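Student: for reference, the sequence and a predicted model appear below.
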Number of protein chains: 2
Amino acid sequence: MRACRPASRLEIEYCTPCRWLLRAGWTAQELLTTFTTELGEVALIPGTGGVFDVRLDGETVWSRKMQDGFPELAELKRRVRDRIAPDRDLGHSDRR
Amino acid sequence: MRACRPASRLEIEYCTPCRWLLRAGWTAQELLTTFTTELGEVALIPGTGGVFDVRLDGETVWSRKMQDGFPELAELKRRVRDRIAPDRDLGHSDRR
């Protein structure tokens, strides 16, 4: 509940020359749909150099360069869930 | 140029019970496509109560309740342009 835990800020930094805005926008909307009450905001941040990083309250949840690829959405939701809504059942996203 | 003017933060606060996330997400992507270098970030902010507000560096650019409706995208782009890229020609969006 928001009363107990301040709403989180999630950032998606994406490479604009790579044309990853649509991917970032889709990711943002998926996360906002799943974590409507837990996320205070999702920020889309234009970047360069092949960046596709997801940060939650300043902590890196996914980095394309470190993880060597884009996040699979179910995996990304699990990572976010584990941090801000650990008791939440993600349904399909929890079954591998 | 970023060197002269710090990148701006644009916020879109939308009513989640009204299901305006897709509209907010679309608006965010349109603005990021047009103002790639001027916008430092666009934040999608879940809200309630029929809110659909657009703020630029804290200043309200559009408020659904004050303006009695949703922003027409060309008009919204002109308002953002006038604040952060006044010399920019918006092409079709500048012709009424």
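Tutor: Structure received.
Student: where does chain A have low pLDDT?
Tutor: A:1-5, A:95-96 (pLDDT under 70).
Student: what does it put close to chain B?
Tutor: Within reach of chain B by Cβ under 8 Å from any Cβ of the partner chain, chain A has these residues: A:11, A:16, A:21-22, A:25, A:28-29, A:32-33, A:36-37, A:39-46. To be clear about C-beta, it is placed using only N, CA and C from the backbone, and glycine gets the same treatment.
Student: of those residues, buried ones?
Tutor: A:11, A:16, A:21, A:25, A:28-29, A:32, A:39, A:41-46 (16 or more other Cβ atoms under 10 Å in any protein chain shown).
Student: can you lay out those residues as JSON lines showing secondary structure?
Tutor: Shown next, in JSON lines, are these (DSSP: H, G, I helix; E, B strand; the rest coil):
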{"residue": "A:E11", "secondary structure": "strand"}
{"residue": "A:T16", "secondary structure": "coil"}
{"residue": "A:L21", "secondary structure": "helix"}
{"residue": "A:G25", "secondary structure": "helix"}
{"residue": "A:A28", "secondary structure": "helix"}
{"residue": "A:Q29", "secondary structure": "helix"}
{"residue": "A:L32", "secondary structure": "helix"}
{"residue": "A:L39", "secondary structure": "strand"}
{"residue": "A:E41", "secondary structure": "strand"}
{"residue": "A:V42", "secondary structure": "strand"}
{"residue": "A:A43", "secondary structure": "strand"}
{"residue": "A:L44", "secondary structure": "strand"}
{"residue": "A:I45", "secondary structure": "strand"}
{"residue": "A:P46", "secondary structure": "strand"}
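Student: work out for me the element the spatially most central residue of chain A sits within.
Tutor: Central residue of chain A (Cα atoms, centre = their mean): A:V54, 5.2 Å from the mean position. Per DSSP states H and E: A:V54 is located in strand A:52-56.
Student: distance from that strand to the middle of the chain?
Tutor: 6 Å (Cα atoms, centre = their mean, to the nearest Å).
Student: and that strand, what does it pack against?
Tutor: Secondary-structure packing of strand A:52-56 (3 or more Cβ pairs under 8 Å, 6 or more residues apart in numbering or on different chains; DSSP states H and E): strand A:8-15, helix A:21-34, strand A:59-63, helix A:73-84.
Student: hang on, A:R19 in a strand?
Tutor: No: using three-state DSSP, the secondary structure at A:R19 is coil, not a strand.
Student: quick one: it from B:T27, how far?
Tutor: 19 Å (Cβ to Cβ, to the nearest Å).
Student: tilt between the strand holding A:V54 and helix A:73-84?
Tutor: Strand A:52-56 and helix A:73-84 are oriented at 30 degrees to each other (axes from the mean of the first three to the mean of the last three Cα atoms, to 10 degrees).
Student: would you mind pulling the contact partners of strand A:52-56?
Tutor: Here strand A:52-56 makes contact (Cβ atoms under 8 Å, 6 or more residues apart in numbering or on different chains) with A:8-15, A:20, A:23-24, A:27, A:47, A:60-64, A:70-71, A:76, A:80, A:83-84.
Student: right, I'll leave it there.
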